[in-house]
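> make a model of this:
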Amino acid sequence: MLDKAAAVLSALEAGPATLAQLVAATHLARPTAHRLAVALEHHRLVARDMQGRFVLGPRLSELATAAGEDRLLAAANPVLAALRDHTGESAQLYRRQGELRICVAAAERPIGLRDSIPVGATLTMLAGSAAQVLLAWEEPDRLHRGLQGAKFTATLLSGVRRRGWAQSVSEREVGVASVSAPVRAPSGRVIAAVSVSGPLERLTRQPGRLHAAAVVSAANKLSEVLRRTGE
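Numbering: from 1, shown residues only. Below is the predicted model of the structure:
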């Protein structure tokens, strides 16, 4: 039965399918294909689209994200350390969890004034360049909900999507600036944000001019790691 369920999921990898198309693709009996598809739907491994066709379900991306977490974190520390050394600023990796973002990896400046955000710190999704990045590529309805109470606007997020990075100046904390860029799963979905942050005196009111290229490069390196390891 597991082999037959796997055949249904493999068939849906090509795109949405009606029951008749599933039967043709899997060579399963119609009642068997229907029973399996409905059972998989119950476990969110399969879902239905607006036309009622079967499609791959949200649970698969959740499992893929969990499987990729360790690979992402293993790759993050050297990439963040290199970003810190290149920019001279603290570097962080954030992931979204509900209405918060969590710092899951960081490389701090060893000396001098620094914007210290420890691993495990939870920050708001309503302010800061990492929050902008984690929200900018969301589905329209989720993006709209995320903007409620935010210190940034839909127009600003449109600019983030266009240029591929975000900056903030005294948005989350007065006197602190940051630059962030998206880390993407092989599917293209944004799953994390790489950031550098520091005092306004060093990063200026246009921190992207100073560090956007380096931050985008670091984020792309992590996206490439996930592509190579097949998250």
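> tally of neighbours for the closest residue to residue 30 other than its chain neighbours?
Nearest non-adjacent residue to residue 30, counting by CB to CB, 6 or more residues apart in numbering: residue 23, 5.2 Å away. C-betas here are computed from N, CA, C, even on glycine. Residues within reach of residue 23, counting by other CB atoms under 10 Å, total 18.
> let me know the secondary structure of the residue nearest in space to the middle of the chain.
Nearest residue to the geometric centre of the chain (CA atoms, centre = their mean): residue 191, 1.5 Å. Judged by DSSP: H, G, I helix; E, B strand; the rest coil, the three-state class of residue 191 is strand.
> can you give me the pLDDT of it?
With respect to pLDDT, residue 191 scores 93.
> hmm, residue 184 and it touching each other?
Yes: the pair residue 191 / residue 184 is scored as a contact, 6.8 Å apart, by CB atoms under 8 Å.
> what's the overlap in contacts for the two?
Jointly contacting residue 191 and residue 184 under the rule CB atoms under 8 Å, 6 or more residues apart in numbering are residue 226.
> quick one: the residue nearest to the centre of the chain from residue 47, how far?
20 Å (CB to CB, to the nearest Å).
> which of the helices or strands spans the closest residue to residue 121 other than its chain neighbours?
Closest residue to residue 121 apart from its sequence neighbours, by CB to CB, 6+ apart: residue 103 at 4.5 Å. For residue 103, the enclosing helix or strand under DSSP states H and E is strand 100-107.
> and for that strand, what are the contacting residues?
Taking contacts as CB under 8 Å, 6+ apart, the residues outside strand 100-107 that touch it are 73, 76-77, 80-81, 83-84, 90-96, 117-125, 128, 130-131, 134, 192-193.
> any idea which helix or strand in this protein has the lowest mean pLDDT?
Ranked by mean pLDDT, DSSP states H and E, the weakest helix or strand in the chain is helix 58-87, scoring a mean of 83.
> what's the following helix or strand after that one?
As the chain continues past helix 58-87, the following element, by DSSP H and E, is strand 90-97.
> name the helices or strands packed onto that following strand?
Contacting strand 90-97 under the criterion 3 or more CB pairs under 8 Å, 6 or more residues apart in numbering; DSSP states H and E are the following elements: helix 58-87, strand 100-107, helix 129-136, strand 190-199.
> burial count for the residue nearest to residue 121?
18.
> which residues does it form beta bridges with?
Note on residue 103: beta-bridge partners by DSSP bridges are residue 94.
> then the one 4 residues further on?
Counting by DSSP bridges, residue 107 forms beta bridges with residue 91.
> quick check: it vs residue 74, distance?
Residue 107 is 14 Å from residue 74, by CB to CB.
> between those two, which one's more packed in?
Neighbour tally, residue 107 and residue 74, criterion other CB under 10 Å: the higher count belongs to residue 107, 21 against 12.
> quick one: the more buried one from residue 225, how far?
With distances taken as CB to CB, residue 107 is found 16 Å from residue 225.
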